[in-house]
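Colleague: Please find the sequence and the predicted model below.
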Amino acid sequence: MSNRLKTKYLVIGAWGLVLGACGGKKNSQPPTPIPTAPLPTAGLAGQRVALIPLALVGAEDTLHWDALIADRRNTLDKSDSIISILLAARAPEVTWVAPAELRRIARRAPGIVTDPDQMGTPFLRGERIVDVPDPLRYQLRTLLGLVGGRYALIPAGLVFRRARTAAFAHPPALAELSVVLIDTRIGKVGWRTTARGEGDDAWAALTRAVKNLTPGLP
């Protein structure tokens, strides 16, 4: 990655803090989300970046999306597909190595490379995590050794909530996608954000969330 990204790590929490009113009074307003930070694609240009499969998806009960959550494998696969296709189209300066290719690489090296679907990445949602602990650090470094790159982009979790807007049909959905960028050589989180997007259904909301990672395009 460029020196700019090496020397300036950007760690962004999922929610901002809402300051209390003067005199220390408690503010009854809900927390204000921190805006989605754009992907640092300039520092990744020309590099191979592994796109680790999503392993965690959830939805608020008020959406009544029990079927979506019950069919976990299909939901994860469709989410991976949306993320991979949009990043390849909207950030072509990066050579993205999609989840399907990572699985093929792992299958060709049994006993050496951990299955990318079994790496236990959801804990990386924790906004205070900077150092990646073993065994995940070792697993990512080994995988990237075969991928031929240094960085891994990890969707650490996807949560669907009811949107606080009347602009969409029922149930209006808000997708929150936690994303971290790992420098596998040093085992650190170099960048993180929560991408948010609203839509009439789960896939429209996720599509908008991923698009918000690469602003400036339709």
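Modeller: Okay, I see it. This structure is a prediction, so every number in the text was calculated from the model and none was measured. Numbering: from 1, shown residues only.

Colleague: Please count neighbours and contacts with C-alpha atoms only from this point.
Modeller: Noted.

Colleague: residues contacting the nearest residue to Ile83 once chain neighbours are set aside?
Modeller: Nearest residue to Ile83, sequence neighbours excluded (CA to CA, 6 or more residues apart in numbering): Val210, at 6.4 Å. The contact partners of Val210, by CA atoms under 8 Å, 6 or more residues apart in numbering, come to Ile83, Leu86, Leu87, Leu177, Ala195, Arg196, Gly197.

Colleague: Test of understanding: give the bridge partners of the closest residue to Trp65 other than its chain neighbours.
Modeller: Nearest residue to Trp65 in three dimensions, chain neighbours excluded: Ala59, at 6.9 Å (CA to CA, 6+ apart). Residues in a beta bridge with Ala59, per DSSP bridges, are Phe160.

Colleague: So Ala59 versus Asp66, what's the distance?
Modeller: 8 Å (CA to CA, to the nearest Å).

Colleague: ok, the two, which is more surrounded?
Modeller: Ala59 (20 against 12; other CA atoms under 10 Å).

Colleague: Show me where the protein has its strands.
Modeller: 48-51, 57-59, 95-97, 151-162, 173-183, 188-199 (DSSP state E).

Colleague: got those strands as a markdown table, with distance to Ala42 and mean pLDDT columns?
Modeller: Output for the strands of the chain, formatted as a markdown table (distance: least, CA to CA, whole Å; pLDDT from 0 to 100):
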| stretch | distance to Ala42 | mean pLDDT |
| --- | --- | --- |
| strand 48-51 | 13 | 98 |
| strand 57-59 | 29 | 93 |
| strand 95-97 | 12 | 98 |
| strand 151-162 | 14 | 96 |
| strand 173-183 | 14 | 96 |
| strand 188-199 | 13 | 95 |
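
Colleague: export these to JSON lines and tack on distance to Ile129?
Modeller: Formatted as JSON lines, the strands of the chain follow (distance: least, CA to CA, whole Å):
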{"stretch": "strand 48-51", "distance to Ile129": "19"}
{"stretch": "strand 57-59", "distance to Ile129": "20"}
{"stretch": "strand 95-97", "distance to Ile129": "24"}
{"stretch": "strand 151-162", "distance to Ile129": "12"}
{"stretch": "strand 173-183", "distance to Ile129": "10"}
{"stretch": "strand 188-199", "distance to Ile129": "7"}
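
Colleague: send the alpha carbons of the longest helix seen in the chain over as CSV?
Modeller: Identified as the longest helix of the chain according to DSSP state H is helix 72-90. Extracted in CSV, the C-alpha atoms of helix 72-90 (Å, rounded to 0.1, in the frame of the first residue of the first chain):
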residue,chain,number,x,y,z
ARG,A,72,-28.1,-18.6,5.6
ARG,A,73,-25.9,-20.1,2.9
ASN,A,74,-27.9,-18.7,0.1
THR,A,75,-28.0,-15.3,1.7
LEU,A,76,-24.3,-15.2,2.3
ASP,A,77,-23.6,-16.3,-1.2
LYS,A,78,-25.8,-13.7,-2.7
SER,A,79,-24.3,-11.0,-0.5
ASP,A,80,-20.8,-12.0,-1.6
SER,A,81,-21.9,-11.9,-5.3
ILE,A,82,-23.3,-8.4,-4.9
ILE,A,83,-20.2,-7.1,-3.1
SER,A,84,-17.8,-8.7,-5.6
ILE,A,85,-19.6,-7.6,-8.7
LEU,A,86,-20.0,-4.0,-7.5
LEU,A,87,-16.4,-3.6,-6.3
ALA,A,88,-15.0,-5.1,-9.6
ALA,A,89,-17.2,-2.6,-11.6
ARG,A,90,-16.7,0.5,-9.5
